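Participant: One predicted model, sequence on top.
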Amino acid sequence: MELEINVVDAFTDAVFSGNPAAVIITDSWLPDDLMQSIAAENNLSETAFLVPGGASGYQIRWFSPITEIPFCGHATLASAFVLFNKNPEVTSLSFSAKAVGDFAVAKLDSGHIQMDFPNTKPEKVDNIPDSLLAGLSISPHEVYRNEQAYFVVYRTEADVLSVLRGNAALVQLKPHDVVVTCQSESNDYDFMSRYFWPANGGDEDPVTGSIHTGLAPFWAERLGKTELVAYQASNRGGVLNCKIRGDRVLISGTAVQYLKGQITV
């Protein structure tokens with residue numbers, strides 16, 4: 001069986017930056033073990049699988065190299081990029097995912113792709129797990145948590161950029177991952193972050209759209225604004241534009257095509 005595959009760099013306007021995701025569209029779901037094997041072979045942060053589900057609507061699932069992921073923003077951006085390129089007249093899409101529900105994606109006049117996700121603002125953690133403290137080389141200033149990850153707040157960019165992770169300790173937090181974040185010291189961004197996920201995908205994720213549904217409302221409240229620009233400071237780096245709309249968070253960014261081809265499975 002041959003399948004078309006697209007690899008797209010998300011949350012960037014240049015190849016070799018942002019976060020690469022593979023996108024595969026099929027008429028019906030492939031077996032779960034096959035989707036997992038394809039994702040492992042691709043060895044990207046995520047491979048998105050899509051199945052048509054009505055007019056401009058798609059069911060979507062996301063797989064890291066080691067497990068299925070409940071929610072992935074950058075691979076959704078990559079998927080929408082592929083679909084908009086296939087159908088230039090289409091300006092809006094609807095997606096459905098088990099953990100996220102139904103959500104809309106729009107192609108903006110600016111060229112950005114905007115995703116409408118649930119607000120997942122984290123809550124303060126009073127009893128910080130020992131494995132979280134052991135897994136980070138710099139002690140947290142504050143710690144919060146939502147269903148996806150622990151949010152470690154630092155005082156400075158230097159802490160975010162220089163903190164070292166201990167995967168053996170952090171994997172004990174499964175199913176939670178870890179995001180480290182601080183207010184940006186640059187006029188270009190409002191806040192910055194890095195994302196560690198040894199429990200679910202690997203070492204450090206280049207750009208993580210899903211976690212910004214928690215980061216954006218967190219920093220919106222602290223900074224007293226509803227529109228923010230975020231930078232994820234991995235080796236590849238990526239920029240995310242975020243808007244808070246009550247119980248929804250709009251996350252937008254750009255993407256570029258890296259590869260289009262066929263896989264044989």
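Facilitator: Good, I have the coordinates. Numbers count the residues shown, from 1 in each chain.
Participant: Now find how far off-centre the longest helix along the chain is within its chain.
Facilitator: With DSSP state H setting the assignment, residue counts place helix 73-86 as the longest helix in the chain. Relative to the mean C-alpha coordinate of its chain, helix 73-86 is positioned 13 Å out (CA atoms, centre = their mean, to the nearest Å).
Participant: What of stretch 164-184?
Facilitator: On CA atoms, centre = their mean, the centre of stretch 164-184 falls 15 Å from that of its chain.
Participant: ok, now stretch 176-191?
Facilitator: Remark: stretch 176-191 is offset 15 Å from the chain centroid, using CA atoms, centre = their mean.
Participant: tell me the mean pLDDT for it?
Facilitator: Here stretch 176-191 scores 97 as its mean pLDDT.
Participant: The closest residue to Val153 other than its chain neighbours: how many residues sit nearby?
Facilitator: Excluding the flanking residues, the one nearest Val153 by CB to CB, 6 or more residues apart in numbering is Glu142, at 4.2 Å. Every C-beta, even on glycine, is put in place using the N, C-alpha and C of the backbone. A count of neighbours around Glu142, defined by other CB atoms under 10 Å, yields 12.
Participant: Could you report the distance from Glu142 to Val171?
Facilitator: 23 Å (CB to CB, to the nearest Å).
Participant: Check Ala99 too.
Facilitator: According to CB to CB, Ala99 and Val171 sit 21 Å apart.
Participant: And for Pro65?
Facilitator: Between Pro65 and Val171 the distance is 15 Å, computed by CB to CB.
Participant: Ok, Gly111 next?
Facilitator: Counting by CB to CB, the separation of Gly111 from Val171 is 39 Å.
Participant: residue ranges with poor pLDDT in the stretch 1-150 of the chain?
Facilitator: 54-56 (pLDDT under 70).
Participant: quick one, helices of this structure?
Facilitator: Taking DSSP H as the criterion, the chain carries its helices at 32-42, 73-86, 130-134, 157-162, 167-170, 212-223.
Participant: Residues contacting the first one, please?
Facilitator: Residues lying outside helix 32-42 but in contact with it, judged by CB atoms under 8 Å, 6 or more residues apart in numbering, are 5, 7, 22, 24, 29-30, 46-47, 49, 61, 63-68, 263, 265.
Participant: at 10 Å instead, please
Facilitator: By CB atoms under 10 Å, 6 or more residues apart in numbering, the surrounding residues in contact with helix 32-42 are 1, 3, 5, 7, 20-22, 24, 26, 29-31, 45-49, 61-69, 201, 263, 265.
Participant: Show me just the buried residues among those residues.
Facilitator: 5, 7, 20-22, 24, 30, 45-49, 61-65, 67-69, 201 (16 or more other CB atoms under 10 Å).
Participant: if we can go back for a sec, would you mind telling me which of Gly111 and Val171 has more residues around it?
Facilitator: Val171 (16 against 10).
Participant: State the pLDDT value of the more buried one.
Facilitator: Per-residue pLDDT puts Val171 at 95.
Participant: Find the nearest non-adjacent residue to it, please.
Facilitator: In space, Val171 is closest to Pro198, 4.5 Å off (CB to CB, 6+ apart).
Participant: Would you check how far apart that neighbour and Asp188 are?
Facilitator: Taking CB to CB, one finds Pro198 at 30 Å from Asp188.
Participant: just Ile38 next, same as before
Facilitator: Ile38 sits 37 Å away from Asp188, taking CB to CB as the criterion.
Participant: Compare those two and say which one has the larger neighbour count.
Facilitator: With neighbours defined as other CB under 10 Å, Ile38 and Asp188 compare such that Ile38 has more, 19 against 8.
Participant: Pro206: what's it in contact with?
Facilitator: Contact analysis of Pro206 by CB under 10 Å, 6+ apart lists 9-12, 17-20, 44-45, 74, 194-195, 232, 234-238.
Participant: Likewise for Ile25?
Facilitator: Going by CB under 10 Å, 6+ apart, Ile25 touches 3-6, 48-52, 58, 60, 79, 82-83, 86.
Participant: same thing but at 7 Å, please
Facilitator: Applying CB atoms under 7 Å, 6 or more residues apart in numbering, we find Ile25 in contact with Leu50.
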